[in-house]
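A.B. asks: sequence plus the predicted model coming up.
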Amino acid sequence: MVFASIFALAGYSIEIGAFLAGVGLSSLKEEHQIASRIRPLRDLFVAIFFITLGLQISLGGIAANIFPALILSAFVLIGNPIAVMAIMGRLGFRIRTSFLVGVSVAQISEFSLVLVALGLRVGHIEGQVVNLVALVGIITITASSYLILNATKIYKRVAKYLGVFEKRGVLEEKTLEERVGFADHFVLVGVGRLGREIFDFLKGKGKRVVAVDFNPAVVRKLTDEGERVLFGDINDEEIFEKVNLPSAKLVISTMFDPVDTEDFLGHLSEKGIRTPIVVTSADTRSALKLYNLGADYVIIPRILSSYIVAHILSDSHIEELFSGELKKKHLEEIKAIDNILSG
């Protein structure tokens, strides 16, 4: 409010002042706590803004702009993902990653509505432009919500047409080279926070582990450490074959996307691969479905966390908790994992 007031006194709009104040707050370490505390206030003002904007829109203006709005909406819904896929392809990302990121930006932002509202207020644009932009916003935000929710399913239908956006960069040439000796090994799909713990445990036990991940930072880190890692999606036929699943001792997947996990189990079943597989689920309902599809064990983090808490409170660890030794060890683990994930 101080920033908004200062900018208003200086002759600028209060929105610009508030925007710069938000940019400043976002650079602080406490940004997440600040965002959590002001979320109710933010949601209230967002609701007021959209109500105010809606009162300025006439139904007659919307009807008159429906055809240009559809054209512009198609440009945003199709053009934005294409631009993102082209850029990410040049950077060496796999097409699946590029597609999922692309569909997440297939809409105009609320900031567009802020700009046209300001333009209307100062008389730089007419109400018809506001009507047009608002209609494009309604169409693209609604349509992109469907795209994001069903991105994995949509990708599987259009993947064969998107090869032009994928560049076989240095990272893939380095990690997808022909490998030999993959037998009697552990396959770990996804080396995020949960996956890294599993990876380090298996390596500590002297097990041979082949990791699969489509996060370039994670892959680069593991490659630099001399680990065997493939960059890509386990459901890609090429990756599926290279990890030599039939000869693996155990497959562990930390993927949380239920569609990807179901497809993975389906591929194993279709090819008659009987290797034991452990998968991950966010809830019990999905876990039951994965068991029916052939999973040998389903990790449900929120249930396992209760076991861990019980273990911490056991007689053998309660003294470490009181002394602060448990906290020290945990902080070291968290920092190590955070450094790996941040590259």
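C.D. replies: Received it, and whenever you're ready, just let me know what you need. Numbers count the residues shown, from 1 in each chain.
A.B. asks: in contact with Ile66, which residues are there?
C.D. replies: With contact taken as C-beta atoms under 8 Å, 6 or more residues apart in numbering, Ile66 is in contact with Leu135. In this view, the C-beta of every residue, glycine as well, is placed from N, C-alpha and C.
A.B. asks: which stretches of the stretch 101-250 of the chain form strands?
C.D. replies: 186-189, 209-213, 229-231, 250-253 (DSSP state E, counting those that start in this stretch).
A.B. asks: partner strands of the first one and their direction?
C.D. replies: Sheet pairing for strand 186-189, assigned by DSSP bridges, gives strand 209-213 (parallel), strand 250-253 (parallel).
A.B. asks: what's whichever helix or strand comes after the last one in contact with?
C.D. replies: Beyond strand 250-253 on the C-terminal side, the first helix or strand identified by DSSP states H and E is helix 258-270. Taking C-beta under 8 Å, 6+ apart as the criterion, the residues outside helix 258-270 that touch it are 152-153, 156, 189, 233-235, 240, 245, 251, 253, 255, 275, 277, 279-282, 286, 289-290, 293-295.
A.B. asks: remind me which residues of the stretch 101-250 of the chain are low pLDDT?
C.D. replies: Scanning the stretch 101-250 of the chain for pLDDT under 70 picks out the ranges 167-183, 237-238.
A.B. asks: helices of that one, start to end?
C.D. replies: Per DSSP state H, counting those that start in this stretch, the stretch 101-250 of the chain carries helices over the ranges 110-122, 127-149, 151-158, 170-175, 193-204, 216-224, 237-242.
A.B. asks: quick one: closest of the ones you listed to Glu15.
C.D. replies: Comparing those against Glu15 with C-beta to C-beta, the closest turns out to be helix 110-122 (6.1 Å).
A.B. asks: one step back: so which of the strands paired with strand 186-189 is the most packed in?
C.D. replies: Of all those, strand 209-213 has the most neighbours on average by mean count of other C-beta atoms under 10 Å, namely a mean of 24.
A.B. asks: output that one as PDB, nothing but the C-alphas.
C.D. replies: Backbone C-alpha positions of strand 209-213 (Å, rounded to 0.1, in the frame of the first residue of the first chain) are rendered in PDB as follows:
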ATOM      1  CA  VAL A 209      20.900 -48.800 -10.500                       C
ATOM      2  CA  VAL A 210      19.800 -47.400 -13.900                       C
ATOM      3  CA  ALA A 211      17.900 -44.100 -13.400                       C
ATOM      4  CA  VAL A 212      15.400 -42.600 -15.800                       C
ATOM      5  CA  ASP A 213      14.300 -38.900 -15.600                       C
END
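A.B. asks: re the thing from before, to Leu91, which of the strands of the stretch 101-250 of the chain lies closest?
C.D. replies: strand 229-231 (12.9 Å).
A.B. asks: report the buried residues of that closest one.
C.D. replies: Neighbour counts over strand 229-231 (16 or more other C-beta atoms under 10 Å) mark Val229, Leu230, Phe231 as buried.
A.B. asks: okay, the residue lying closest to Thr280 once chain neighbours are set aside: pLDDT?
C.D. replies: Nearest in space to Thr280, with sequence neighbours left out and distances taken as C-beta to C-beta, 6 or more residues apart in numbering, is Ile299 at 4.5 Å. Confidence at Ile299, expressed as pLDDT, is 88.
A.B. asks: now the strand or helix carrying Lys328 against helix 193-204, angle please.
C.D. replies: Assignment of secondary structure by DSSP H and E places Lys328 within helix 325-341. Helix 325-341 and helix 193-204 are oriented at 100 degrees to each other (axes from the mean of the first three to the mean of the last three C-alpha atoms, to 10 degrees).
A.B. asks: just the mean pLDDT for helix 325-341, thanks.
C.D. replies: Helix 325-341 shows a mean pLDDT of 73.
A.B. asks: so can I have JSON lines of the strands of the stretch 101-250 of the chain showing distance to His124?
C.D. replies: Shown next, in JSON lines, are these (distance: least, C-beta to C-beta, whole Å):
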{"stretch": "strand 186-189", "distance to His124": "53"}
{"stretch": "strand 209-213", "distance to His124": "48"}
{"stretch": "strand 229-231", "distance to His124": "48"}
{"stretch": "strand 250-253", "distance to His124": "54"}
